[in-house]
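Asks: attaching a predicted model along with its sequence, questions to come.
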2 protein chains.
Amino acid sequence: MTASFAEIPVVHLIDDDDPLRTALTRLLRAAGHEVRAYSSVAEFLLARQGPLRGCLLLDVRLPGGPGGLELQKSLIRQGETVPVIFLTGHGDIPMSVQAIKSGAFDFLTKPVGRTALLTSVRAALARGEDIRSAALKRHDLGTRAGRLTPAERQVFRRVVDGQPNKQIAAELGCCERTVKAHRAQVMLKMEASSLAELVHLSEALAGAPV
Amino acid sequence: MTASFAEIPVVHLIDDDDPLRTALTRLLRAAGHEVRAYSSVAEFLLARQGPLRGCLLLDVRLPGGPGGLELQKSLIRQGETVPVIFLTGHGDIPMSVQAIKSGAFDFLTKPVGRTALLTSVRAALARGEDIRSAALKRHDLGTRAGRLTPAERQVFRRVVDGQPNKQIAAELGCCERTVKAHRAQVMLKMEASSLAELVHLSEALAGAPV
DNA sequence: TTGAACATTGCCCCAAAGGGCAATTAATTT
DNA sequence: AAATTAATTGCCCTTTGGGGCAATGTTCAA
């Protein structure tokens, strides 16, 4: 049951309007999507476990507690990257601009057309999978880098910075043979088969703590 | 006169409403910005020469000819990256969402508050300068890469791909000494002092034709 | 046609990288 | 304390990268 939570992309629908929620759920399921419906942000948060996969479809303002924009901000703070589609009957331009600039995938108005909704959801799911695969790659790289010892990490930094072994040895206060040993370990652990590839990997780690 | 067109960031204001245009111009100048005002897209396009520097501030719909959204698309097609702030009295949510998703920097509604306008313009100008400096770097790299001969380009690709000289020579059907010669030229022309730096530069060229 | 500029290549030399092997030392476990 | 494991280093050898020098084409324009 819960094990399947993140196995395939799911449209997480949050709306307090029961009839609308039911209708949207039916519409999305008919279009072949997996749907989880919640009547409030709290209900969604309670059910949530582990990273999300799919997209969010929710009203901007929901009764009692945080609205959609707050949820979005909270998710972003948690490093969650799932695409968010807002749906609202009482939005205005500044709100929509704010939402999109904050990273929302789309901002739809009620009543929403069947085609418009499905188009947006399909695109959001696709985007979500793209983001997901990129995140997996980065995570994998981070894992490899995490296996480096402190000494190896030092060598890694300098190698991808283009420093020759002799200079690295001087800076680290050890002999060249040691640098070579660490360097070999770096290539092994990072699974790089050439210096060029190692530099490439380090660029992809962009900003992540190395 | 025209020589100073791109020397400092300029707010290019396009609006057909004369009194408003005058008022906005005064407001922006009072805040220390350089302003060029136009009453139509056509007027703006006629005055334009060379790459823009600064930002655009324009109404979404303008009388006679293309509206703001069309201008934005046209500029993007031309590779122009200047931030665009839309200003409108008759916009709706789908229009604002469309604009922002198409890359607009902001979407303001009339009447616009003095603070909101100045905040947005300031941010747009800052973003514009960031984009500009990044573009200058990329252009510089492109220029260097453009000086490579076809043979050097071939070697360049394979070197940053991590291939050893011997293998490159085999693939290109020449001897290793020739590869070395080309390789040296690549390092010279690309102004790289190490293989790591060369790889770094090639990543920065990302997608640009090499 | 002839000279200048450029690309290709061979020969040779040196520096740098990669790595095997073994000894020494430090750290950790039993 | 003894044993084991991990890190550092020296020694030595091979391959690769970098580059000087000169000869041999090649191309293009005067």
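Replies: Yep, that arrived. Predicted model only: the values in this text are computed from it and were never measured. Residues are numbered from 1 along each chain as shown, chains lettered A, B, ... in the order given.
Asks: any idea how far the residue most central in space within chain A is from residue B:72?
Replies: Centroid check for chain A by CA atoms, centre = their mean gives residue A:81 as the closest residue, at 3.1 Å. Distance, residue A:81 to residue B:72, by CB to CB, to the nearest Å: 27 Å. For every residue, glycine as well, the C-beta is placed using N, CA and C.
Asks: and for residue A:87?
Replies: According to CB to CB, residue A:87 and residue B:72 sit 26 Å apart.
Asks: residue A:140 now?
Replies: According to CB to CB, residue A:140 and residue B:72 sit 38 Å apart.
Asks: now the end-to-end length of stretch A:26-35.
Replies: In stretch A:26-35, first residue to last residue: 9 Å (CA to CA, to the nearest Å).
Asks: for that stretch, buried residues please.
Replies: The neighbour-count check on stretch A:26-35 (16 or more other CB atoms under 10 Å in any protein chain shown) flags A:27-28, A:33-35 as buried.
Asks: so what does the helix or strand of chain A with the lowest mean pLDDT touch, helix or strand wise?
Replies: Least confident helix or strand, chain A: helix A:68-77 with a mean of 88, by mean pLDDT, DSSP states H and E. On a contact count with 3 or more CB pairs under 8 Å, 6 or more residues apart in numbering or on different chains; DSSP states H and E, helix A:68-77 meets helix A:41-47, strand A:54-59, strand A:84-88, helix A:93-101.
Asks: so the residue nearest to the centre of chain A makes contact with residue A:131?
Replies: Yes. Using CB atoms under 8 Å, residue A:81 is in contact with residue A:131, at 5.0 Å.
Asks: just give me the neighbour total for residue A:139.
Replies: Residue A:139: 11 surrounding residues under other CB atoms under 10 Å in any protein chain shown.
Asks: report the angle between the one helix or strand it maps to and strand A:54-59.
Replies: Using DSSP states H and E, residue A:139 sits within helix A:114-146. Taking axes from the mean of the first three to the mean of the last three CA atoms, to 10 degrees, one finds that helix A:114-146 is oriented at 130 degrees with respect to strand A:54-59.
Asks: what packs against helix A:114-146?
Replies: Using 3+ CB pairs under 8 Å, 6+ apart, helix A:114-146 sits against helix A:18-30, strand A:54-59, strand A:84-88, strand A:106-109, helix A:195-204.
Asks: buried residues in it, which are they?
Replies: By 16+ other CB under 10 Å, the buried positions in helix A:114-146 come out as A:117-118, A:120-121, A:124-125, A:127-128, A:132, A:141, A:144-145.
Asks: any idea how far whatever helix or strand comes next after that helix is from the chain center?
Replies: Remark: after helix A:114-146, the chain's next helix or strand is helix A:150-160, criterion DSSP H and E. Its chain's C-alpha centre and that of helix A:150-160 lie 28 Å apart, by CA atoms, centre = their mean, to the nearest Å.
Asks: need the contact partners of helix A:150-160.
Replies: Identification of contacts with helix A:150-160 by CB atoms under 8 Å, 6 or more residues apart in numbering or on different chains yields A:145, A:148, A:167-168, A:171-172, A:179, A:182-183, A:185-186, A:189-190, A:195, A:198-199, A:202, A:210, B:196.
Asks: can you say which of these are buried?
Replies: The buried subset of the contacts of helix A:150-160 (16+ other CB under 10 Å) comprises A:145, A:148, A:168, A:179, A:182-183, A:185-186, A:189-190, A:195, A:198-199, A:202, B:196.
Asks: point out where chain A drops to low pLDDT.
Replies: Applying pLDDT under 70 to chain A flags residues A:1-6, A:63-65, A:207-210.
Asks: which parts of chain A sit against DNA strand D?
Replies: Counting by CB under 7 Å from any atom of the strand, the residues of chain A close to DNA strand D are A:149, A:151, A:174-175, A:177-178, A:181-182.
Asks: of the residues you listed - the most surrounded one?
Replies: Neighbour tally across the residues of chain A next to DNA strand D (other CB under 10 Å): the maximum, 23 neighbours, falls on residue A:182.
Asks: run a quick neighbour tally on the closest residue to that residue other than its chain neighbours.
Replies: Spatial nearest neighbour of residue A:182, chain neighbours left out: residue A:155 (4.2 Å); criterion: CB to CB, 6 or more residues apart in numbering or on different chains. Neighbour count for residue A:155, taken as other CB under 10 Å: 28.
Asks: do residue A:22 as well
Replies: Residues within reach of residue A:22, counting by other CB under 10 Å, total 12.
Asks: if I look at it, how far off is DNA strand D?
Replies: Applying CB to the nearest atom of the strand, to the nearest Å, the value for residue A:22 to DNA strand D is 59 Å.
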